[in-house]
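Visitor: sequence plus the predicted model coming up.
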Amino acid sequence: MSMPLQLLAYLLAGTVGGLLALRTGIPAAPLAGALIGAGLVSLSGRLELAQWPAGSRTALEIAIGTVIGTSLTPTALTELRQLWKPALLITLTLVMTGLVVGLWCSRLLGMDPVVALLGAAPGGISGMSLVGAEFGVGAAVAALHAVRLITVLLVLPLAVRVLLARGLTPPPAG
């Protein structure tokens, strides 16, 4: 199969997966569905690994960054003034936990330490995969983050719904 047709097959699988996932109501359903759809095609071994044109990944990252950047509003900045302490605590806790879990996986499970540390890092799949690629372990890091992302997208919304149904309420404002 020619490269353009191969990429079209991956895009089709991702699109179908994303559209099907939209019906589930899970957060970030299109992302998770596209990841599963394209991943299943890739894992099937029927197509060669996708070789995207130079710069396409960069263009997608710029687009994703732009979409996320547009959510940074004056209201979000005002909220961050109140949330800087939890943001700092959450960030430090996640980074330290990622380091501990990564080192633990490396030692106890015999994993490559770079894969374990980057795979346990709290970053997003695309960013951590790019960092992993710089160390020559991008695919392994992407696989670990894909499992984490899909699991979090499926489990966390359900857990929040259960906790809210059981009376979990936010603290009073002010």
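Guide: Thanks, I have the structure now. Residues are numbered from 1 along each chain as shown.
Visitor: you'd agree residue 14 is up against residue 37?
Guide: Yes - under the criterion of CB atoms under 8 Å, residue 14 makes contact with residue 37 at 5.0 Å. All C-beta atoms are positioned from the backbone trio N, CA, C, and that covers glycine.
Visitor: where along the protein do the strands fall?
Guide: When secondary structure is read from DSSP state E, the chain shows no strands.
Visitor: which residue is nearest the centroid of this protein?
Guide: Nearest residue to the geometric centre of the chain (CA atoms, centre = their mean): residue 125, 3.9 Å.
Visitor: ok, and the closest non-adjacent residue to that one?
Guide: Residue nearest to residue 125 in three dimensions, not counting chain neighbours: residue 145, with 4.0 Å by CB to CB, 6 or more residues apart in numbering.
Visitor: ok, now which ones touch that neighbour?
Guide: 119, 123-125, 128-129 (CB atoms under 8 Å, 6 or more residues apart in numbering).
Visitor: what's the answer for residue 77, then?
Guide: No contacts exist for residue 77 under CB under 8 Å, 6+ apart.
Visitor: confidence score at it?
Guide: Residue 77 is assigned 84 on the pLDDT scale.
Visitor: equivalent analysis for the one 3 residues further on, please.
Guide: The predicted local confidence for residue 80 comes out at a pLDDT of 84.
Visitor: what's the answer for the one 4 residues further on, then?
Guide: For residue 84, the model assigns a pLDDT of 90.
Visitor: right, I'll leave it there.
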